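Novice: structure here, sequence nowhere to be found:
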């Protein structure tokens, strides 16, 4: 580790950047324009005009990250050119040190791109030109982690959140429809999620709740913002968590709204030290779990806990994906635990699970601690570590699951440590394809650094980005990297692929570690 975590980073550490960065860093100020220097767009002649749609945070309501309307394939990807770049300015451009300015995917609807930065500001851009249509200024930095934040769009309304508030904006003008700053108490964590909107409800959650009940899942009336229900992600908070007085559970990746009247969230870790997990073992429900609720009432239908008594920061945080195996509806999920899971969508029963990325034999240590059988010697190196496993969302298409993983072991030198004391090896990554039916690995491609752009399918290609600032595409059949393009700055945000366009939020996290910003911008690439 070149630096340690500090300041306003979420202690549960599920950063989209390695532990190699220093994270430092009132009310909602809702306004269009004013105050900060205006961001600017630059067009590049000769590129095709961007077209198409990415209407949900993960492309579709099922979270598949499959772009069925995309025209981009192996046959034309080499001809992809930059069409325009939208560059942030002012305080938003400085971003959060080590995190950058952009960590969420854009949403594209009816020729408009909607984007939120790490200061919770929202921008509406013309898809064809990248020019700013309106800006909703908040200028409150994300306080409990790197987001992803981001917005959702439905019925002419844009929905988003700051750390403390949820708001709805007119999609055409950016004018406020409603805003609520009273949804969370001081102990219930902070919003840092890209919400989902369906059936007249806005689904979102807080992360890192420090009080009884941990983080909070909730649904709001989309028209009025009225709270419909809440669900606490921690019940009977165990002594191991209480001893630290810090946060547990919650969610920060977009949930899955099912066609069966359910909503499913991936839940974070309990945040406890090794010593406390051994001395006071507890399952810590519903941390590190997939939680399936009645979408209308918030009542629990089922849950699947991947890691009980977790002390390795092994969140199950990824956006759940809806799929079908042999005619049976399933949910595909995963997270920093470094496993992909297929669950029966009706019961939560496990169908298969597959390890991805690097594992060094400590996958069952939390379970051993729960049964008072763990024999642990310091220094203690874990892979996947607190920044390993699956950090960005997966994709499902044509009978395969695509996943990008982080290989970054973490070493603990003290029983009081929660997220580790130093890197236990070099930073690297892998991109894998699994059989949707069985979970069997179909191919595994190594990459030299962290793949953080989320796995995104476009015909015979699989796109993602690398932390150091590269857009790459792999052959979906073989895993061979067939396209590489150097971005204008580093990136740790999910991309969007649609029509003839790839949108890359390049927030400059690598260069922003010095605190001076990293030339953050949203870049549009197109094929003829």
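Specialist: Sure thing, it's come through. All figures in this text were calculated on a predicted structure; none of them were measured in a lab.
Novice: so residue 135 sits right up against residue 122, yeah?
Specialist: Yes. If you go by CB atoms under 8 Å, residue 135 and residue 122 touch, sitting 7.2 Å apart. (Each C-beta comes from the backbone N, C-alpha and C, glycine too.)
Novice: where's residue 356 relative to residue 287, distance?
Specialist: With distances taken as CB to CB, to the nearest Å, residue 356 is found 21 Å from residue 287.
Novice: out of the two, which sits in the busier spot?
Specialist: residue 287 (34 against 25; other CB atoms under 10 Å).
Novice: that older thread, shared neighbours of residue 135 and residue 122, which are they?
Specialist: Contact criterion CB atoms under 8 Å, 6 or more residues apart in numbering; residues shared by residue 135 and residue 122: residue 174.
Novice: now the helices for the stretch 101-250 of the chain?
Specialist: Assigned by DSSP state H, counting those that start in this stretch, the stretch 101-250 of the chain shows helices spanning 239-242.
Novice: and the strands in it?
Specialist: For the stretch 101-250 of the chain, the strands defined by DSSP state E, counting those that start in this stretch cover 107-109, 112-116, 122-126, 132-137, 152-154, 157-161, 166-170, 176-180, 190-191, 196-198, 201-209, 216-221, 227-232, 248-250.
Novice: could you dump these to TSV with distance to residue 444?
Specialist: Output for the strands of the stretch 101-250 of the chain, formatted as TSV (distance: least, CB to CB, whole Å):
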stretch	distance to residue 444
strand 107-109	31
strand 112-116	33
strand 122-126	37
strand 132-137	42
strand 152-154	33
strand 157-161	36
strand 166-170	40
strand 176-180	45
strand 190-191	36
strand 196-198	31
strand 201-209	31
strand 216-221	34
strand 227-232	37
strand 248-250	31
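Novice: of those, flag the one that's most buried.
Specialist: Of those, the one with the most neighbours on average (mean count of other CB atoms under 10 Å) is strand 248-250, at a mean of 34.
Novice: residue 271 contacts residue 238, correct?
Specialist: No. Between residue 271 and residue 238 no contact is recorded; they are 11.4 Å apart, counting by CB under 8 Å.
Novice: compare the two (neighbour count), which wins?
Specialist: residue 271 (28 against 21).
Novice: list the contacts for the nearest residue to residue 123 once chain neighbours are set aside?
Specialist: Of all residues not flanking residue 123 in the chain, residue 115 sits nearest, at 4.9 Å (CB to CB, 6 or more residues apart in numbering). When contacts are counted by CB under 8 Å, 6+ apart, residue 115 is found next to 86, 102, 104, 106-107, 122-123, 125, 151, 505, 522.
Novice: element containing the residue nearest to the spatial centre of the chain, please.
Specialist: Closest to where the C-alpha atoms of the chain average out (CA atoms, centre = their mean) is residue 253, at 4.6 Å. Secondary structure assignment for residue 253, by DSSP states H and E: no helix or strand.
Novice: was I right to think it contacts residue 148?
Specialist: Yes. Under the criterion of CB under 8 Å, residue 253 makes contact with residue 148 at 7.2 Å.
Novice: what touches both of those two?
Specialist: 193-194.
Novice: redo the strands of the stretch 101-250 of the chain as a markdown table? Include distance to residue 528 and mean pLDDT.
Specialist: A markdown table is the format used below for these (distance: least, CB to CB, whole Å; pLDDT from 0 to 100):
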| stretch | distance to residue 528 | mean pLDDT |
| --- | --- | --- |
| strand 107-109 | 19 | 98 |
| strand 112-116 | 20 | 98 |
| strand 122-126 | 20 | 98 |
| strand 132-137 | 26 | 98 |
| strand 152-154 | 28 | 98 |
| strand 157-161 | 31 | 98 |
| strand 166-170 | 35 | 98 |
| strand 176-180 | 39 | 98 |
| strand 190-191 | 41 | 94 |
| strand 196-198 | 34 | 98 |
| strand 201-209 | 39 | 93 |
| strand 216-221 | 43 | 98 |
| strand 227-232 | 47 | 97 |
| strand 248-250 | 44 | 90 |
